[in-house]
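Peer 1: Sequence and predicted model, in that order:
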Amino acid sequence: MISRISILDRSRTREGHPAAQALRDTVELARAAERLGYHRFWVSEHHSVPGVAGSAPTVLAAAVAGATGRIRVGTGGVMLPNHQPLVVAEQFGVLESLFPGRIDMGLGRSVGFTGGIRRALGRDTGDADRFEEQLAELLGWLDGSQRAHPEVHARPAEGLRIPPYVLATGEGAGIAARAGLPLVVGDLRTRARVAQIVAAYREEFRPSRWGAEPYVVVSGTVAVAANAAAARRILVPEAWAVAYSRTRGSFPPLRPAGEIDALAMTPKERELYEGALAGHVHGTEDQVAAELSAIAELTGADELLVTTSTYDRTALLDSFGRLARLAGLAGHADLAGQSALSGH
């Protein structure tokens, strides 16, 4: 069993609720995660996605850190090709200065997923190919070793110890290994592939000032409920959103599971929907514990980062509470935060 478990929340919007509510829900979920004993709470970066409110992860991370007191807070991740490394260093320097010892810097190599978004960001698809170069520059701003602009200093970041993580698959895992950084890899529906990536990362890892040995975080959806059917139902809203996006080109807000049950799906929609439901870790506490133990054995992961989204916030918090209990997290008995999410 993986003993260290964390949460990545994507601030998914829900049908009939404003985007602002999704951001407030993220902050409330972080408070609950802290009470339940989760190790860290991360937020993500998405631009111009109708179903996601989290477009400015460092801003949202500041709100989360300000609303909590102990849990580590970070990004999963800041998409480095979308930004200048100096600005990213400055933003994390401010976060670490305000919340010392609690900030993580998760970094990804994706760019905006449509041409319009990339143009609005002033980026193109080729910027992802510069990720390794940008990463080295960013780390140089933090440790004071960058020489391209000797007259410039990343204040207040320079000299601060802000743990960097690379969100990656394939080539990105090699970048993490060469830089001596922790790796975050998913998703758990392709476990054999994840195990291959992790093995290659460990083999190629070079110790650095950021890490003496490999550190692996595996990421995926986990849903836990009183029975397997209820756990599967938690997955339904996100699965339909995936199917919808792949047939209509737009990622929508989450809908209630009951509404999705009543839909007359086309054969293509049904195929995509069932495919999006398949392979996730879900079930009762005993079933999920067995699956997570198998994943731990297969990957040797140091940490699990859970990314579950659903329409029913009460069911989501119950799932996280059950996961905390089966993992033996320190605060698993404290489910008092459940009411904080139930009315939104």
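Peer 2: Perfect, I can see it now.

Peer 1: all strands for this structure, in order.
Peer 2: 4-9, 40-43, 72-75, 78-79, 103-108, 164-167, 183-185, 216-220, 222-224, 281-283, 303-306 (DSSP state E).

Peer 1: Return the alpha-carbon coordinates of the last one using CSV.
Peer 2: Yep, that's strand 303-306 we're talking about. The C-alpha trace of strand 303-306 is given here as CSV (Å, rounded to 0.1, in the frame of the first residue of the first chain):
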residue,chain,number,x,y,z
GLU,A,303,3.2,8.6,-3.4
LEU,A,304,-0.3,8.5,-4.9
LEU,A,305,-1.9,11.7,-6.3
VAL,A,306,-5.6,11.3,-6.6
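
Peer 1: if we look at that strand, which residues are touching it?
Peer 2: With contacts defined as CB atoms under 8 Å, 6 or more residues apart in numbering, strand 303-306 is touched by 2, 4-8, 39, 42, 76, 184, 186, 215-222, 292, 295, 320, 323. The way it works is simple: take the backbone N, C-alpha and C, and place the C-beta from them, glycine included.

Peer 1: same thing with the first one?
Peer 2: Taking contacts as CB under 8 Å, 6+ apart, the residues outside strand 4-9 that touch it are 26, 29-30, 33, 38-44, 54, 72, 76, 217, 219, 302-307, 309, 320, 323-324, 327, 329.

Peer 1: buried stuff in it?
Peer 2: For strand 4-9, a neighbour-count test (16 or more other CB atoms under 10 Å) marks Ile5, Ser6, Ile7, Leu8, Asp9 as buried.

Peer 1: Provide the partner residues of the third one in its beta bridges.
Peer 2: Going back to what we said before, that points to Ile7. Phe41, Val306 (DSSP bridges).

Peer 1: From Leu36, how far off is it?
Peer 2: 9 Å (CB to CB, to the nearest Å).

Peer 1: One more: the first one?
Peer 2: According to CB to CB, Ile5 stands 9 Å off from Leu36.

Peer 1: any shared contact partners between those two?
Peer 2: Contacts common to Ile5 and Leu36, judged by CB under 8 Å, 6+ apart, are Ala324, Leu329.

Peer 1: So what's the residue count around Leu277?
Peer 2: Neighbours of Leu277 under the rule other CB atoms under 10 Å: 17.

Peer 1: Please apply the same query to Arg206.
Peer 2: For Arg206, the neighbour count with other CB under 10 Å is 11.

Peer 1: Would you confirm that it contacts Ile175?
Peer 2: No: the criterion here is CB atoms under 8 Å, and Arg206 misses it with Ile175 at 11.3 Å.

Peer 1: now, the most widely separated pair of the buried residues of strand 4-9?
Peer 2: Greatest spacing in these, by CB to CB: Ile5 and Asp9 (13.8 Å).

Peer 1: Show me the helices in the stretch 101-250 of the chain, by range?
Peer 2: Along the stretch 101-250 of the chain, counting by DSSP state H, counting those that start in this stretch, helices occupy 115-121, 131-143, 171-179, 191-204, 228-248.

Peer 1: As JSON lines, those with distance to Leu60, mean pLDDT and mean neighbour count would be great.
Peer 2: Output for the helices of the stretch 101-250 of the chain, formatted as JSON lines (distance: least, CB to CB, whole Å; pLDDT from 0 to 100; neighbours: other CB atoms under 10 Å):
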{"stretch": "helix 115-121", "distance to Leu60": "18", "mean pLDDT": "72", "mean neighbour count": "14"}
{"stretch": "helix 131-143", "distance to Leu60": "20", "mean pLDDT": "95", "mean neighbour count": "20"}
{"stretch": "helix 171-179", "distance to Leu60": "23", "mean pLDDT": "93", "mean neighbour count": "21"}
{"stretch": "helix 191-204", "distance to Leu60": "27", "mean pLDDT": "96", "mean neighbour count": "17"}
{"stretch": "helix 228-248", "distance to Leu60": "20", "mean pLDDT": "97", "mean neighbour count": "20"}
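
Peer 1: If anything else comes up later, I'll come back, but that's it for now.
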